[in-house]
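[1] Sharing a model that was predicted from the sequence below.
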Amino acid sequence: MNRSVDTELTRQALASSTLSHGLGILGDRWTVQVMLGTFTGLKRFEQWQQGLGIPRHTLAERLRSLSALGLLEPRPYQQRPLRHSYHPSAKALAMYPQVLMMWAWERRWGQGGVNLPAALLHRRCGHRLTPKLACRACGADADITRMRLQLAPVEALLQTKPRPTRAPRIPAAAAGQPSLGLRVDRWSLLIVTAVVLGCHHFDELSQVLGIGPSVLARRLEGMVESALLRCEADRSDGRRRIYRLTAASRDLLGYIVCLSHWASRHHLHQPSSIIPTHSCGHVFEPQVVCSHCREEVQARDVLPDAEPDSSRRANADQGVPA
Ligand SMILES: [Zn+2]
Ligand SMILES: [Zn+2]
């Protein structure tokens with residue numbers, strides 16, 4: 001049974017969401033890679049260039065635009081010729097929760113080829129950590145699919161279009177390059193969010209996201225193929241299909257919530273149009289805690305730890321479905 005969705009309210013909430021606007025600057029694969037690099041200690045042009053295999057002009061452009069966005073702070077380290085190193089700003093460090101959520105997702109569901117540490121060591125407690133999304137008010141683990149979601153479109157963001165990513169389309173030849181979230185792009189995150197908001201039918205998704213039928217059909221098909229959605233016949237109307245989240249796409253919600261929160265607080269300075277309330281009764285504010293000691297995880301307290309055997313065990317412990 002499908003409860004009816006207020007498609008106009010949902011359309012406005014999605015169009016003015018801090019997720020949609022936040023992804024406008026971070027949805028591009030190379031941008032995400034460069035930002036991830038800063039959290040693994042990369043600071044100089046050559047380090048990114050060699051580590052990621054990113055074309056030089058693309059890297060130069062990304063470093064410029066990330067500096068203009070206030071995410072990287074260039075500091076000269078050599079005068080002749082002038083060279084800069086790039087350091088994460090406070091605004092960038094505030095992205096760490098979503099970086100941890102992305103790491104956890106890639107470890108669990110990614111298809112390899114991603115340049116990420118195999119395991120993370122929490123220096124505060126000395127244990128391997130699995131990042132856990134928790135409620136800042138009560139400290140309990142959070143599952144966004146069980147929260148009450150209230151929609152309140154944000155006027156200021158309705159009137160501006162999300163800033164389009166500057167990235168040129170990545171040619172097919174680059175598909176084999178290590179890249180984060182090969183299966184996950186801006187649109188798939190917005191489609192997952194629309195499904196969470198109760199849009200399970202093709203026409204609802206088309207309306208709330210403003211995507212034409214042929215493009216939407218292709219996107220949905222791709223998401224079903226890569227197990228981000230499951231598609232079944234509607235029992236009450238055999239001509240319609242219902243789209244539902246899978247375990248992999250439900251797991252993306254931690255990343256989605258952290259990114260929306262960061263974009264709201266640190267980038268757009270506007271409230272979120274999608275307001276989750278936790279079961280403790282407080283408006284849900286995300287924090288990412290260490291699975292072992294339950295302390296909030298800060299970038300400075302985490303070390304990459306590469307030991308494939310035990311990290312595979314850790315993965316198996318999480319109950320990765322076949
Ligand atoms: Zn709570
Ligand atoms: Zn810990």
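    Received the coordinates, thanks. Numbers count the residues shown, from 1 in each chain. Ligands and ions are numbered 1, 2, ... in the order given.

[2] next one: phi and psi at the residue lying farthest from the centre of the chain?
    Distance from the centre of the chain peaks at Arg80, with 39.3 Å (CA atoms, centre = their mean). Phi and psi for Arg80, reported as degrees, to the nearest 10, are phi -130, psi 110.

[3] And for Tyr243?
    Here is the backbone geometry of Tyr243 (degrees, to the nearest 10): phi -100, psi 130.

[4] Counting neighbours, what do you get for Gln50?
    The tally of other residues near Gln50 (other CB atoms under 10 Å) stands at 11. Just so you know, the C-beta spots here come from the backbone N, C-alpha and C atoms, and that holds for glycine as well.

[5] Wait, a helix at it?
    Yes: the assignment for Gln50 by DSSP: H, G, I helix; E, B strand; the rest coil puts it in a helix.

[6] so how far is ligand 1 from it?
    Applying CB to the ion, to the nearest Å, the value for Gln50 to ligand 1 is 44 Å.

[7] dump the residue contacts of the closest residue to Gln12 other than its chain neighbours.
    Distances taken as CB to CB, 6 or more residues apart in numbering place Pro153 nearest to Gln12, at 3.7 Å, with adjacent residues excluded. Pro153 makes contacts with 9, 12-13, 15-16, 273, as judged by CB atoms under 8 Å, 6 or more residues apart in numbering.

[8] And the residue sitting nearest the centre point of the chain, its phi and psi?
    With distances taken as CA atoms, centre = their mean, the residue of the chain nearest its centroid is Tyr255 (4.2 Å). Phi and psi for Tyr255, reported as degrees, to the nearest 10, are phi -60, psi -40.

[9] so what pLDDT did the closest residue to it other than its chain neighbours get?
    Computed as CB to CB, 6+ apart, the closest residue to Tyr255 that is not its neighbour in sequence is Met101, at 4.0 Å. pLDDT for Met101: 93.

[10] Please, where are all the helices along the stretch 101-250 of the chain?
    Here the stretch 101-250 of the chain has its helices, by DSSP state H, counting those that start in this stretch, at 155-158, 186-196, 202-209, 213-225, 247-250.

[11] Pull out the buried residues from the last one.
    What that stands for is helix 247-250. Across helix 247-250, burial judged by 16 or more other CB atoms under 10 Å covers 248-250.

[12] again, but for the longest one
    Going by neighbour count (16+ other CB under 10 Å), the buried part of helix 213-225 is 216, 219-220, 223.

[13] which residues in the stretch 51-200 of the chain form strands?
    72-78, 83-88, 119-122, 127-128, 131-135, 148-151 (DSSP state E, counting those that start in this stretch).

[14] The third one and ligand 2, are they touching?
    Yes: with CB under 5 Å from the ion as the criterion, ligand 2 is reached by strand 119-122 at His122.

[15] Export that strand to CSV, keeping only CA atoms.
    Below are the C-alpha coordinates for strand 119-122, written out as CSV (Å, rounded to 0.1, in the frame of the first residue of the first chain):
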residue,chain,number,x,y,z
ALA,A,119,41.1,0.2,8.2
LEU,A,120,41.1,3.1,10.6
LEU,A,121,42.7,3.2,14.0
HIS,A,122,41.2,5.4,16.7
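
[16] List the neighbouring strands of it plus their orientation.
    With DSSP bridges as the test, strand 119-122 is paired with strand 127-128 (antiparallel), strand 302-305 (antiparallel).

[17] buried ones in the last one?
    It stands for strand 302-305. Val302.

[18] What average pLDDT does it get?
    89.
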